[in-house]
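Enquirer: dropping the sequence and predicted coords here.
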Amino acid sequence: MSAKVDGTVRLAGYQIMERLYSGSRTQVYRAVRERDRLAVVIKLLKWQYPTFNELVQFRTDSSPDFS
């Protein structure tokens, strides 16, 4: 689960390094997985309770738009 504390995203087991992208529906972060220090990119929906259609779109969207 992700949570925001003082506007900062927190995700158990990961250290968020920086936000790479913020769009109308999603945010993308550079992070490090704490157990093995693996660099990862994490894409999250902005809303805590997305609609079914938003979940479907999120799942089928293969890459964020960095334009």
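Expert: Received the coordinates, thanks. Predicted model, so just to flag it, every value in this text is computed and none were measured.
Enquirer: the residue of the chain most remote from its centre sits in which helix or strand?
Expert: In the chain, the greatest distance from the average C-alpha position (C-alpha atoms, centre = their mean) is reached by Asp36, at 19.3 Å. Asp36 belongs to no helix or strand when assigned by DSSP states H and E.
Enquirer: how far away is it from Leu44?
Expert: In this structure, Asp36 and Leu44 are separated by 21 Å, where distance is defined by C-beta to C-beta, to the nearest Å. Quick note: C-beta positions are derived from backbone N, CA and C, even for glycine.
Enquirer: quick one: low-confidence ranges for this protein?
Expert: Counting by pLDDT under 70, the chain contains low-confidence ranges at 1-7, 62-67.
Enquirer: now the strands for it?
Expert: Across the chain, reading from the start of the chain, the strands by DSSP state E fall at 2-5, 8-11, 14-22, 26-33, 38-45.
Enquirer: right, so those: which one is the most enclosed?
Expert: Between the strands of the chain, strand 26-33 has the highest mean count of neighbours, a mean of 17, where neighbours are mean count of other C-beta atoms under 10 Å.
Enquirer: list the strands paired with it, with their directions.
Expert: Pairing partners of strand 26-33, with direction, according to DSSP bridges: strand 14-22 (antiparallel), strand 38-45 (antiparallel).
Enquirer: which residues does Gly44 contact?
Expert: Quick fix: residue 44 is Leu, not Gly. The contact partners of Leu44, by C-beta atoms under 8 Å, 6 or more residues apart in numbering, come to Ser2, Val9, Thr26, Gln27, Val28, Tyr29.
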